[in-house]
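Trainee: Prediction below, plus the sequence it came from.
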Amino acid sequence: MAEETNEDANVELNLHSTGELLRRAREQKNLSLDDVAKKTRIPLRHLESLESGDFEALPGRTYAIGFAKSYARTVGLVDATIGSQLRAEMDEQGHGAYQAEVSDYAPANPSSIPPRYLAWTAAGIGALVLIGYLVWRTLILNPGDLELAADSEPAMPAETASPDTPGQTVAGSNPMPSGQGTVVLTATEPVWMKIYDAEGERLFEDQMAAGETFTVPADADDPQILTGRPAALTVTIDGQVVPQLGSAERTIKDVGVSAAALLARETVNNPDADLPSE
């Protein structure tokens, strides 16, 4: 029965052009071309060219197939099937070399393009993160300056200490982060990374833009990281910055990123120490 259904679907595709299939599906959903244009953000003239099969009026083969797939998803058709049929039609009509597609390349969905103001906002956030990172890096790489500044401060007279606060820390000092704290990885510039647990189960894998963050799951079993640009990541535990995972342009793998693992690393006093690469 399933074979008959697939054969009927193939026959249906062969009897109608891609544009005709898209138009019929749109009309069945009571959508106008304007509705489809608003949903996909594809110019109305290109949608009209798709329906009429006027490939010369489209910006190119890659865009034509991308537009057709986006149109198909909007009207409930299988985008891969529509893309294959349109590709065959263009080949039959002599458009096979018309800005041919790059292998394994999928054109961007126009509806996923963010507004310009969001791009400027992201750029501003990225700049602020970069400035903060540079300030942090300067402090971390020059601990001697901090020691000299501490030595130059006059000691507090004993009589001024409050007897009611014997456990109070010195102003400006940061308490040691907890081994159960929350670990956050922040990208200071575009960087790809993969986070996985002790069993190799993937917890995260993606290209991060500057300013993007990833919080390591607190219940993860020995979470570890793989990345080729560890210096492009800022690591914090409960908001407190800890030393970098590695030097610039050096791939690291199987480096623990749980709070306990980060605190156990012996690089607090030597930020430039080599990290394990395997």
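Mentor: Great, that's in hand. Residues are numbered from 1 along each chain as shown.

Trainee: Show me where the protein has its helices.
Mentor: All helices of the chain, identified by DSSP state H, fall at 2-15, 18-28, 33-40, 44-52, 61-74, 79-92, 116-141, 143-152, 259-264.

Trainee: D197: which of those is closest?
Mentor: helix 259-264 (12.2 Å; Cβ to Cβ). C-beta: built from backbone N, CA, C; applies to glycine.

Trainee: hmm, back to that, out of the helices of the chain, which is the most enclosed?
Mentor: Counting by mean count of other Cβ atoms under 10 Å, helix 61-74 has the highest mean neighbour count of the helices of the chain, with a mean of 22.

Trainee: Report all helices and strands that that one contacts.
Mentor: helix 18-28, helix 33-40, helix 44-52, helix 79-92 (3 or more Cβ pairs under 8 Å, 6 or more residues apart in numbering; DSSP states H and E).

Trainee: Mean pLDDT for the ones you listed - can I get that in JSON lines?
Mentor: Shown next, in JSON lines, are the helices and strands packed on helix 61-74 (pLDDT from 0 to 100):
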{"stretch": "helix 18-28", "mean pLDDT": "92"}
{"stretch": "helix 33-40", "mean pLDDT": "93"}
{"stretch": "helix 44-52", "mean pLDDT": "91"}
{"stretch": "helix 79-92", "mean pLDDT": "88"}
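
Trainee: any chance of those in CSV, plus distance to R61?
Mentor: What follows is the helices and strands packed on helix 61-74, written out as CSV (distance: least, Cβ to Cβ, whole Å):
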stretch, distance to R61
helix 18-28, 13
helix 33-40, 18
helix 44-52, 13
helix 79-92, 6
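
Trainee: of the ones you listed, which approaches V183 most closely?
Mentor: For the helices and strands packed on helix 61-74, the distance to V183 is smallest for helix 79-92, at 38.5 Å, taking Cβ to Cβ.

Trainee: Next, the angle helix 44-52 makes with that closest one.
Mentor: Interaxial angle, helix 79-92 versus helix 44-52 (axes from the mean of the first three to the mean of the last three Cα atoms, to 10 degrees): 80 degrees.
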